[in-house]
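In: Here is my input, please return the structure:
(chains A and B)
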2 protein chains.
Amino acid sequence: MTDRLKSYKKESNYSYVFGASPAIELLAAKSCAAECIYMRTSYRDIDGLTERCRKLGIPVIISDKAFNIAGCKESCFVFGVFKKYDEPLFADKPHIVLVNPSDMGNIGTIIRTAAGLKITDIAIIEPAADSWNPKTVRASMGEIFHVRHQRFASFDDYISQFPSHERSAFMCDGALLPEDIEESRLVSLIFGNESSGLDSCFATFCNSVRIPFCDNVDSFNLSSAVAIGAYIYARNCKLI
Amino acid sequence: MTDRLKSYKKESNYSYVFGASPAIELLAAKSCAAECIYMRTSYRDIDGLTERCRKLGIPVIISDKAFNIAGCKESCFVFGVFKKYDEPLFADKPHIVLVNPSDMGNIGTIIRTAAGLKITDIAIIEPAADSWNPKTVRASMGEIFHVRHQRFASFDDYISQFPSHERSAFMCDGALLPEDIEESRLVSLIFGNESSGLDSCFATFCNSVRIPFCDNVDSFNLSSAVAIGAYIYARNCKLI
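Out: The predicted structure is shown next:
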């Protein structure tokens, strides 16, 4: 595998998970996608990763050079190579829908938050940042392997696949509060792009929801807005 | 000012605010700290920045070279230079207390969220990432100029200055829920470091609070945890 190892590209069929804990999540949740685990010569395996790999039949390669090729930081002692995979959303689960998210860190952080709140189905509407980029995977702390995420060419595509979900669109001038979102498992919590938010037309085919905040502030950071909205929903629905 | 312009250093008395909107927040909230505003030759001043500066007597300098020196991205057409300033926390306001935060983006994002929730006093316990770094200022979207933030050498220092605040420490094994935090204006909402959280000793001199989440997940991202905890508190206290 070292021979084929290259710096990550969006078009690649493979991606990387940097760090021992996120790599453990890969093995725990999606070992079928795991190709191999790289360790630095200086890595002390207090996590029992070698043993986990042995049990799963996943090769362990000890190579410092590989870390330069993959683009790891010096503080990273472990990384895993995995095949990208498709995992369609479940139709009977609540969804978080990210419309045109542009920041990989935000996508990863939102996936981590969603997993924590037991919302395990994330739709991403194109154009959007790369959800398999190692930066996204890292920001998710490996939780990307515990949720389903599916990319859609347009919001219409998403709706045509999931017409029955009650749609709650988070907008600065929304009519409802997060506390008002229906206590149903069939809800889509919809959030717009970091800069532009959701187009006002979303209010015509969704319930519009507003997180109350001080007038002087333009908006919340996207991942903070999702954390607030999804937490209130998850608590009301007793997911957590 | 172009002559003296240097890439940012933590020790410097000055810092930079990148972007037109954050620079406008500087002028709106802390014009006394503003030294000058730089614009690229290609900047079209749809924001009326030049006029704002004229009214405030703040020099505008048009110079592309300055953007390289300050370390701006190409997509940045405006930046402001400001003097760092001290602004002690108010004793009669709720506080967010960040113990040893290590990520500048997190500090900035938390300041933006806090401002949105009308929690305007942020304590930062050393050692901590630089809260005046242009990255922090940028992540706050300029909201850093609308809140007070104060750095403390230790948590004991903070307590000795604000002994009367009810202390709520967010910990993975906390006893209370965010909904249980006292509806008082004299509350400290305390959050630990991104990797290590709060030491278990905090439970001995604080109420410990747990954001409920799925057992499989290690923790939330720090700024997401603050968003959830602070939102619940701000709603319960009718700040927003």
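In: Around chain B, pick out the residues from chain A.
Out: Residues of chain A found near chain B, taking Cβ under 8 Å from any Cβ of the partner chain as the criterion, are A:21, A:105, A:109, A:112-113, A:115-118, A:139, A:141, A:143, A:146, A:211-214, A:216-221, A:223-228, A:231, A:235, A:240. Using the backbone N, CA and C atoms, a C-beta is placed for each residue, glycine as well.
In: Check those residues for burial and list the buried ones.
Out: Buried subset of the residues of chain A next to chain B (neighbour count, 16 or more other Cβ atoms under 10 Å in any protein chain shown): A:105, A:109, A:112-113, A:115-118, A:139, A:141, A:143, A:146, A:211-214, A:217-221, A:223-228, A:231, A:235.
In: middle-most residue in chain A, spatially?
Out: Centrality entry for chain A: nearest residue to the mean C-alpha point is A:I111, 3.3 Å, by Cα atoms, centre = their mean.
In: what's near enough to touch the residue lying closest to it once chain neighbours are set aside?
Out: Nearest-residue entry for A:I111: A:S140, 4.2 Å, with adjacent residues in sequence omitted and distances by Cβ to Cβ, 6 or more residues apart in numbering or on different chains. With contacts defined as Cβ atoms under 8 Å, 6 or more residues apart in numbering or on different chains, the neighbours of A:S140 are A:22, A:107-109, A:111-112, A:115.
In: how does it look with 10 Å?
Out: Residues near A:S140 by Cβ atoms under 10 Å, 6 or more residues apart in numbering or on different chains: A:17, A:22, A:25, A:104-105, A:107-115, A:131, A:146-147, A:149, B:221.
In: show me where chain A has strands.
Out: Using DSSP state E, the strands of chain A run over A:14-18, A:34-39, A:60-62, A:78-83, A:95-99, A:121-125, A:148-152, A:166-170, A:187-191, A:207-209.
In: ok, the nearest residue to A:F90 once chain neighbours are set aside to chain B distance?
Out: Across the structure, with Cβ to Cβ, 6+ apart as the measure, the residue nearest A:F90 apart from its sequence neighbours is A:D121 (5.6 Å). Summarising the geometry, the distance separating A:D121 from chain B, computed by Cβ to the nearest Cβ, to the nearest Å, is 14 Å.
In: Next: A:F191.
Out: Note on A:F191: its distance to chain B, by Cβ to the nearest Cβ, is 13 Å.
In: hang on, that residue packs against A:I96?
Out: Yes - distance between A:F191 and A:I96: 7.3 Å, which falls inside the contact criterion (Cβ atoms under 10 Å).
In: intersection of neighbour lists for those two?
Out: A:110, A:226, A:229-230.
In: circling back to that earlier point, restricted to helices, list the buried ones among the residues of chain A next to chain B.
Out: Cross-referencing these against helices under DSSP state H gives A:105, A:109, A:112-113, A:115-116, A:139, A:223-228, A:231, A:235.
In: Export the strands of chain A to TSV and append columns for mean neighbour count and mean pLDDT.
Out: Shown next, in TSV, are the strands of chain A (neighbours: other Cβ atoms under 10 Å in any protein chain shown; pLDDT from 0 to 100):
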stretch	mean neighbour count	mean pLDDT
strand A:14-18	23	97
strand A:34-39	22	97
strand A:60-62	14	97
strand A:78-83	23	97
strand A:95-99	25	98
strand A:121-125	23	98
strand A:148-152	19	98
strand A:166-170	23	97
strand A:187-191	24	98
strand A:207-209	21	97
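In: B:A153: which of these is closest?
Out: Nearest of the strands of chain A to B:A153, taken as Cβ to Cβ: strand A:14-18 at 33.8 Å.
In: lowest-confidence helix or strand of chain A?
Out: Lowest by mean pLDDT, DSSP states H and E among the helices and strands of chain A is helix A:65-70, with a mean of 93.
In: Packing partners of that one?
Out: Judged by 3 or more Cβ pairs under 10 Å, 6 or more residues apart in numbering or on different chains; DSSP states H and E, helix A:65-70 is in contact with strand A:14-18, strand A:34-39, strand A:78-83.
In: so can I have JSON lines of the ones you listed showing distance to A:E183?
Out: Conversion of the helices and strands packed on helix A:65-70 to JSON lines gives the following (distance: least, Cβ to Cβ, whole Å):
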{"stretch": "strand A:14-18", "distance to A:E183": "35"}
{"stretch": "strand A:34-39", "distance to A:E183": "38"}
{"stretch": "strand A:78-83", "distance to A:E183": "36"}
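In: closest to A:R54 out of those strands?
Out: When the helices and strands packed on helix A:65-70 are ranked by proximity to A:R54, the top entry is strand A:34-39, at 10.6 Å, counting by Cβ to Cβ.
In: shouldn't A:E166 be in contact with A:P94?
Out: Yes - with contact defined as Cβ under 10 Å, A:E166 reaches A:P94; the gap is 9.3 Å.
In: any weak-confidence spans in chain A?
Out: Within chain A, the set of residues satisfying pLDDT under 70 comprises A:1-3.
In: redo that, cut-off 80
Out: A:1-4, A:215-216 (pLDDT under 80).
In: thought A:A23 was touching A:L49?
Out: Yes - using Cβ under 10 Å, A:A23 is in contact with A:L49, at 6.8 Å.
In: Find residues that contact each of these two.
Out: Both A:A23 and A:L49 are contacted by A:37, A:39, A:78, A:80, under the criterion Cβ under 10 Å, 6+ apart.
In: what sits against the spatially closest residue to the third one that is not a sequence neighbour?
Out: So the one you mean is A:V78. In space, not counting the residues next to it along the chain, A:V78 is nearest to A:A20; the distance is 4.3 Å by Cβ to Cβ, 6+ apart. Contacts for A:A20 were tallied using Cβ under 10 Å, 6+ apart; they are A:37, A:39, A:43, A:45-47, A:49, A:76-80, A:142.
In: How about A:D92?
Out: Neighbouring residues of A:D92 by Cβ under 10 Å, 6+ apart: A:121, A:164, A:185-186.
In: try A:Y8
Out: For A:Y8, the contacting residues are A:14-16, A:69-71, A:130, A:132-135, A:137, by Cβ under 10 Å, 6+ apart.
In: ok, of those, which come out buried?
Out: Buried members of those, counted by 16+ other Cβ under 10 Å: A:14-16, A:70, A:130, A:132-135, A:137.
In: would you turn those into TSV with distance to A:A153?
Out: Listed next are the buried ones among the contacts of A:Y8 as TSV, based on distance: Cβ to Cβ, whole Å:
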residue	distance to A:A153
A:Y14	23
A:S15	21
A:Y16	26
A:A70	30
A:D130	15
A:W132	17
A:N133	19
A:P134	24
A:K135	23
A:V137	23
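In: can you tell me which of those lies nearest to chain B?
Out: Within the buried ones among the contacts of A:Y8, proximity to chain B (Cβ to the nearest Cβ) peaks at A:K135, which comes in at 12.6 Å.
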